[in-house]
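S.K.: Based on what follows, work out the 3D shape:
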Amino acid sequence: MSKKRKSVSLSEENHQFLTNHDNASALVDRLITQFRTGGQDESVIKQYRVRQVASEITALEKQMELKEQELEGLQDDVETAEQMEQVKLSEARNALSKTPKEPDNPAIQNWADELGMTPQELINELE
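M.R.: Have a look, this model is predicted:
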């Protein structure tokens, strides 16, 4: 059955009600069909709302799944970064094992810069 476009005037309350629904045309069409055939219009509204809420829940579940995947990816990134930092720190520990642990030592300063630390922070990590 083809559909025809029809413009109607609504009370402010009904306009607001329809504005809050994703598919207002489908709701109006079903209500008119129910009214025309002697059906229960309140029941149709509730059935429509049940479908709408179920659809919203499905959309939110999909959104939550995407957010969980994003969180897992971020946690993996953090773990990888921490592991890389530990590897670098281990390299520094080996390279600086016989080096005097003084903040003004160029080797300490170089490794501290590479690790994103101050020389004193690096010395504290090495001790």
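
S.K.: Show the low-confidence segments of the chain, by residue range.
M.R.: 1, 39-42 (pLDDT under 70).

S.K.: all helices for the chain, in order.
M.R.: Secondary structure of the chain (DSSP state H): helices at 12-19, 24-36, 41-95, 106-115, 119-126.

S.K.: Can you convert these into CSV and add a column each for distance to K4?
M.R.: The way it works is simple: take the backbone N, C-alpha and C, and place the C-beta from them, glycine included. Below are those laid out as CSV (distance: least, CB to CB, whole Å):
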stretch, distance to K4
helix 12-19, 18
helix 24-36, 10
helix 41-95, 20
helix 106-115, 71
helix 119-126, 74
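
S.K.: And these: which comes nearest R5?
M.R.: Closest to R5 of these, according to CB to CB: helix 24-36, at 9.2 Å.

S.K.: now the helices of the chain in CSV, with distance to R5 and mean neighbour count?
M.R.: Converted to CSV, the helices of the chain look like this (distance: least, CB to CB, whole Å; neighbours: other CB atoms under 10 Å):
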stretch, distance to R5, mean neighbour count
helix 12-19, 15, 11
helix 24-36, 9, 14
helix 41-95, 21, 11
helix 106-115, 67, 16
helix 119-126, 70, 16
